[in-house]
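> fold the following and give me the result.
(2 chains)
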Protein chains: 2
Amino acid sequence: MLTREQIRVAREEALTALAGAGVVVRPDEAANLEVSDFGLGDLANTGLQILVYVNTERVCAKELVLRPGQTCPEHMHVGEGTEPGKEETFRCRTGEVWLYVDGEPTPSPRATPARPEHFTVWHEIVLRPGDQHTIMPGTRHWFQAGPEGAIVTEFSTRSTDERDVFTDPEIRRITVVADP
Amino acid sequence: MLTREQIRVAREEALTALAGAGVVVRPDEAANLEVSDFGLGDLANTGLQILVYVNTERVCAKELVLRPGQTCPEHMHVGEGTEPGKEETFRCRTGEVWLYVDGEPTPSPRATPARPEHFTVWHEIVLRPGDQHTIMPGTRHWFQAGPEGAIVTEFSTRSTDERDVFTDPEIRRITVVADP
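Sure, this is the predicted structure:
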């Protein structure tokens, strides 16, 4: 749960970061920039600021803006019926992001998530500006921004956030505003 | 048909434009940046410089870099079997781009393509930085950069350039190098 003031501040920070990266954001997009605390009420540690460019039946593209050390918690995208689930490519635009996926656990991972008991995949991929990685449906993953924060562009199939499966049972993907 | 020197110069120009827009391009991407003259041998007027970020079975993303006045000629994306054809969203990142689609012809269109006899749709959409437009499969379209050139980010389903249907019968989508 977030207050309107928390959302306002997080939006301002994200818009400043996007402007610094040369991303032009229209006023209507700025006013609707999504701030998600994943229901944990601890936005500084667990959360994302999201500019959705497009989300049609087949194509989605977003900028994910992360504060320093902010984590997008572990989840995966599952299919429904004949639809195979979301496929996404993360491309680091600014800063550094530490992405974790299924695979051999990295011995000394850089990321230190809050609530580490709800993180089960620890194969680390370091993304710096220009680096990218594609996540196929059904692959557990999570990521944390480095000390400068990060902007990650996401190219994907349709986003159906409400169908995402999170490892942490307390997570709620849709942000609740405390004082709507 | 293009010479290696023409390709080198066009690549350098495109990389300079991308750097100016804050887009980080890896060395391996820079070395492979696509230059297409659409087979007409008149790159200054008809052509594109293309940075492909990703192109999987389901998702594609690119930066399209255009010189001042350069035109991507009229074409459409058709399906094959159960696949409905490419859907694409163009988002203007820098400069100005004039996009033409099916619909009511615009009385005094801004664009002046070479070989205008091969352009049949004239409904104009002006895209400035932050503006975007989605083209559904089977929609004829073309675009020309304004006087400053333009960078357009394309978010789409899989790219199958060889299946594109161009209005101009002389166009060949795959670039031939004169001195390979």
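
> quick one: mean pLDDT for the longest strand seen in chain A?
For chain A, the strand that runs over the most residues, judged by DSSP state E, is strand A:141-156. Rounded to a whole number, the mean pLDDT of strand A:141-156 is 98.

> what about it, distance to the chain center?
Strand A:141-156 has its C-alpha centroid displaced from the chain centroid by 6 Å (Cα atoms, centre = their mean, to the nearest Å).

> from B:E154, how far off is the residue lying closest to A:V54 once chain neighbours are set aside?
Excluding its sequence neighbours, the residue lying closest to A:V54 (Cβ to Cβ, 6 or more residues apart in numbering or on different chains) is B:T89, at 4.6 Å. To be clear about C-beta, it is placed using only N, CA and C from the backbone, and glycine gets the same treatment. When distances are taken as Cβ to Cβ, to the nearest Å, B:T89 and B:E154 turn out to be 7 Å apart.

> for A:T71, same thing?
A:T71 sits 30 Å away from B:E154, going by Cβ to Cβ.

> and the two? which has more neighbours close in?
In terms of neighbours (other Cβ atoms under 10 Å in any protein chain shown), A:T71 is the more surrounded of A:T71 and B:E154; the figures are 25 against 21.

> what's across from the more buried one in the sheet?
Using DSSP bridges, the beta-bridge partners of A:T71 come out as A:T46, A:Q144.

> can you check A:I50 too?
On the basis of DSSP bridges, A:I50 is bridged to A:E34, A:L64.

> what does the one 10 residues further on give?
In this structure, A:C60 bridges to A:N55, A:S156 when assessed by DSSP bridges.

> pull the contacting residues for it.
With contacts defined as Cβ atoms under 8 Å, 6 or more residues apart in numbering or on different chains, A:C60 is in contact with A:52, A:54, A:86, A:154-159, B:155.

> if we go to 6 Å?
With Cβ atoms under 6 Å, 6 or more residues apart in numbering or on different chains as the criterion, the residues that contact A:C60 are A:156, A:158-159.

> buried ones among those?
A:156, A:159 (16 or more other Cβ atoms under 10 Å in any protein chain shown).

> dump the contacts of A:C60 into a markdown table; add distance to A:V121 as well.
Output for the contacts of A:C60, formatted as a markdown table (distance: Cβ to Cβ, whole Å):
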| residue | distance to A:V121 |
| --- | --- |
| A:S156 | 19 |
| A:R158 | 24 |
| A:S159 | 21 |
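
> hey, which helix is longest across chain A?
Counting by DSSP state H, the longest helix found in chain A is helix A:4-20.

> got the residues of chain A near chain B?
Counting by Cβ under 6 Å from any Cβ of the partner chain, chain A comes close to chain B at A:21-22, A:24, A:26, A:54, A:58-59, A:61, A:87, A:89, A:129-130, A:155, A:157.

> pLDDT score assigned to the closest residue in space to A:A21 that isn't next to it in sequence?
Distance criterion Cβ to Cβ, 6+ apart; nearest residue to A:A21, sequence neighbours excluded, is A:T94 at 4.9 Å. A:T94 is assigned a predicted lDDT (pLDDT) of 98.

> A:N55 too?
Turning to A:N55, the model gives it a pLDDT of 98.

> kindly report the same for the one 5 residues further on.
According to the prediction, A:C60 has pLDDT 98.

> equivalent analysis for A:V177, please.
In the predicted model, A:V177 carries a pLDDT score of 88.
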